[in-house]
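Asks: I'll drop the sequence and a predicted model, then ask my questions.
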Amino acid sequence: MPDDVPNPYAPPVVAEPLATPGAGELWMVHGEHLLVRDGARLPPVSLLGEDNGSGLTSSQQVFAAASGRSTLVSLMPLLVMIGVMMAIRIAFDRHGLLEAALAFFVTSRLLRRFPKVSGLAASIQCFMPVSVLKARARRDRWRSRLIMASLTCFLLLVFGQRFGSAFFRESGDPKYLWALWFNLPMLAGVIGFFGVALVWGTTDSWLKCVSQTGGWFYLAGVPGSSLLKLSGMSAEPLPLRTRKVYTLYQYRLPLRILAGPRRNPLVILIIAILKLFRSPALVRQNFHWSERHREVKPDRDFAESIAKLLSEPEFASWQDLGCSRLDSPKGDLNLLMARFVSPDRRHFCHFTLGRISKARGYVEVSHTDFRTWTTDGCCLVTSSQCSFPNVPDYVEFRRVKGDAARVWSRHLQRCERVTPRVIESEDEVRRLLEKESEDHAERLRAARIQGPVEDVEMPGDWEDVVKAS
């Protein structure tokens, strides 16, 4: 086992005496552990694996200390399963294994939306390598497939026990044939698929809270090279500054927007349940568009996506207008946007990449949209993703599935019936985009999907510290 991978069977760490932290410091390096407090914002140093040049992205991590409440919450899926079985046994005089299994699975997935299940918890902002997060996301998808395969075998086993045995009894065949040719393989599938997923998850390395004392959470699993870098950096809190923030009530959005590219029916069901009950998990704070960072240098992954787009014959002569980035207050969402303009400056392209990193989950969502302003004051938008509701009246939005070339082809067809406007000034383009954003936000506020923009005192970004130095 590598040195930087925590041993899952190791006993809890006994807290050693700490060095006296500076005033307001929320993180420190202590031996082989990284100590953090709730609300810590760590500098751009990888906390998970080595950065191989793919770039870092911000991430929100929540670490909870063990408590009676957290133990009870972790046992809740089992308690729900037992309760469902007892209720079905009393009401219908049968076991109810199928219903109990579904209740256990849905409850487990719902509780994953609420990682902060203890009063002793620390939510921090840190940085992770994009390549490592992508590899872990692929691994987690395979684990989910194994669990789904195990659940499918279990459901078939239950149906086989309930209906198959009766069929063979009626047809006169020996009952053991059914068990031999169906039940035993399904049981082997349940144990095999779930066992592989369980062992795979147990041997998986991740940041782990091994102890907690005095509000300090001891994190294991941070690479030694990262600890060395952090030990040489200042742990003073970032300076406060006024930032524009608004609240987005996502449970008021259509389900097709919340589901996004997801195709897992159980995940969509869980999102629908959260939306139905207006769960706080679907309420988040976002930065106003004016908080974005301009002239951002794209990391390797984003640069490769941009190069792939510009390699298409349709966009070989388009001009690159640069990249921008918009973060989120909790650090779990990054929006990277690259803008391009056609040679005649009549059409504009926006390529957006969204990175969501929270706890163990990581999702990337990208889309391409084309904008053309017309001489009569309209704006044609053709995009590869769904639009938010309540767009301004002068925006004619249409979604087209497919790659950027297909979206551009459909956009050109739409432009044949209008007179595109030539926009020479970059300031004019910025003014039109900002006007559209403000008009759209005003409609979302009227529909109570978005709250008002507020000025909030909160820590700045690490870019601010670099510029100040």
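Replies: Arrived safely, thanks for sending. Everything quoted here is computed from the prediction, not taken from an experiment.

Asks: could you point out which element follows the helix or strand V381 falls within?
Replies: Assigned by DSSP states H and E, V381 falls within strand 379-383. Sequence order places strand 395-399 as the next helix or strand after strand 379-383, per DSSP H and E.

Asks: pLDDT below threshold where in the stretch 1-150 of the chain?
Replies: Applying pLDDT under 70 to the stretch 1-150 of the chain picks out residues 1-24, 66-74, 94-98, 109-119.

Asks: hmm, 90 instead?
Replies: Counting by pLDDT under 90, the stretch 1-150 of the chain has low-confidence residues at 1-25, 31, 48-55, 62-122, 135-150.

Asks: ditto for the stretch 151-300 of the chain
Replies: 151-215, 221, 232-240, 256-271, 273-274, 281, 295.

Asks: what's the longest helix seen in the chain packed up against?
Replies: Assignment by DSSP state H gives helix 130-159 as the longest helix of the chain. Contacts defined by 3 or more Cβ pairs under 8 Å, 6 or more residues apart in numbering; DSSP states H and E place helix 130-159 against strand 56-64, helix 97-111, helix 184-202, strand 361-373. Backbone N, C-alpha and C define where each C-beta goes, glycine included.

Asks: the stretch 201-350 of the chain: strands as residue ranges?
Replies: Using DSSP state E, counting those that start in this stretch, the strands found in the stretch 201-350 of the chain span residues 208-213, 216-220, 240-249, 283-287, 293-294, 319-326, 333-341, 348-358.

Asks: hmm, back to that, the strand holding V381 vs strand 361-373, what angle?
Replies: 150 degrees (axes from the mean of the first three to the mean of the last three Cα atoms, to 10 degrees).

Asks: and strand 379-383, C-alpha only, in PDB?
Replies: This file holds the C-alpha atoms of strand 379-383, laid out as PDB (Å, rounded to 0.1, in the frame of the first residue of the first chain):
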ATOM      1  CA  CYS A 379     -30.900  37.700 -30.400                       C
ATOM      2  CA  LEU A 380     -30.800  34.300 -32.000                       C
ATOM      3  CA  VAL A 381     -29.400  31.600 -29.600                       C
ATOM      4  CA  THR A 382     -28.800  28.100 -30.700                       C
ATOM      5  CA  SER A 383     -27.400  25.800 -27.900                       C
END
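
Asks: in JSON lines: the helices and strands packed on helix 130-159, plus mean neighbour count and distance to P261.
Replies: Listed next are these as JSON lines, based on neighbours: other Cβ atoms under 10 Å; distance: least, Cβ to Cβ, whole Å:
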{"stretch": "strand 56-64", "mean neighbour count": "22", "distance to P261": "19"}
{"stretch": "helix 97-111", "mean neighbour count": "17", "distance to P261": "18"}
{"stretch": "helix 184-202", "mean neighbour count": "15", "distance to P261": "23"}
{"stretch": "strand 361-373", "mean neighbour count": "19", "distance to P261": "6"}
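
Asks: which one of these lies nearest to S234?
Replies: Taking Cβ to Cβ, strand 56-64 is the member of those nearest to S234, at 18.7 Å.

Asks: next, the angle strand 319-326 makes with that closest one.
Replies: 20 degrees.

Asks: who are the packing partners of strand 56-64?
Replies: strand 121-129, helix 130-159, strand 348-358.

Asks: that older thread, give me the sheet partners of the strand holding V381 and which way each runs.
Replies: In the sheet, strand 379-383 lines up against strand 361-373 (antiparallel), strand 395-399 (parallel) (DSSP bridges).

Asks: I'd say A272 and L255 touch.
Replies: Yes. Counting by Cβ atoms under 8 Å, L255 is a contact partner of A272 at 6.0 Å.

Asks: follow-up on the earlier one: deepest of the strands of the stretch 201-350 of the chain, which one?
Replies: strand 216-220 (a mean of 22; mean count of other Cβ atoms under 10 Å).

Asks: give me the contacts around that strand.
Replies: 6, 13, 15, 18, 30, 32-37, 47, 63, 65, 122, 207-212 (Cβ atoms under 8 Å, 6 or more residues apart in numbering).

Asks: for stretch 299-306, same thing?
Replies: 53-56, 130-131, 298, 320, 323, 336, 338, 351, 353, 366.

Asks: 6 Å - rerun?
Replies: For stretch 299-306, the external contacting residues (Cβ atoms under 6 Å, 6 or more residues apart in numbering) are 53-55, 130, 336, 338, 353.

Asks: chain center to it, what's the gap?
Replies: Offset of stretch 299-306 from its chain centre (Cα atoms, centre = their mean, to the nearest Å): 19 Å.

Asks: in it, which residues are buried?
Replies: Buried positions in stretch 299-306, judged by neighbour count with 16 or more other Cβ atoms under 10 Å: 299, 301-302, 305-306.

Asks: so P329 touches H288, yeah?
Replies: No. Applying Cβ atoms under 6 Å as the test, P329 and H288 come out as separate, 10.8 Å apart.

Asks: one step back: just want the angle from the longest helix of the chain to strand 333-341.
Replies: Put simply, helix 130-159 runs at 120 degrees to strand 333-341, going by the same axes, to 10 degrees.

Asks: what angle do helix 130-159 and strand 348-358 make?
Replies: 70 degrees.

Asks: tell me the buried residues in helix 130-159?
Replies: Applying 16+ other Cβ under 10 Å to helix 130-159 flags 130-133, 136, 140, 143, 146-147, 149-151, 153-158 as buried.

Asks: report the central residue of this structure.
Replies: The residue lying closest to the centre of the chain (Cα atoms, centre = their mean) is I356, at 3.5 Å.

Asks: so what's it closest to, chain neighbours aside?
Replies: Distance criterion Cβ to Cβ, 6 or more residues apart in numbering; nearest residue to I356, sequence neighbours excluded, is V363 at 4.5 Å.

Asks: what's the spacing between the one you found and S59?
Replies: To S59, V363 is 12 Å away according to Cβ to Cβ, to the nearest Å.

Asks: before we move on, what about A272?
Replies: 27 Å.

Asks: measure stretch 43-55 end to end?
Replies: 14 Å (Cα to Cα, to the nearest Å).

Asks: sorry, slip of the keys, the one I care about is stretch 209-224.
Replies: OK, stretch 209-224 end separation, Cα to Cα: 16 Å.

Asks: which regions of the stretch 301-450 of the chain lie under the pLDDT threshold?
Replies: For the stretch 301-450 of the chain (pLDDT under 90), the answer is 359-361, 386-388.

Asks: could you dump the helices and strands packed on strand 56-64 to a markdown table with distance to L444?
Replies: Below are the helices and strands packed on strand 56-64 laid out as a markdown table (distance: least, Cβ to Cβ, whole Å):
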| stretch | distance to L444 |
| --- | --- |
| strand 121-129 | 26 |
| helix 130-159 | 30 |
| strand 348-358 | 18 |
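
Asks: out of the ones you listed, which comes closest to E434?
Replies: strand 348-358 (13.8 Å).

Asks: how far off centre is the closest one?
Replies: When distances are taken as Cα atoms, centre = their mean, strand 348-358 is centred 12 Å away from the chain's centroid.
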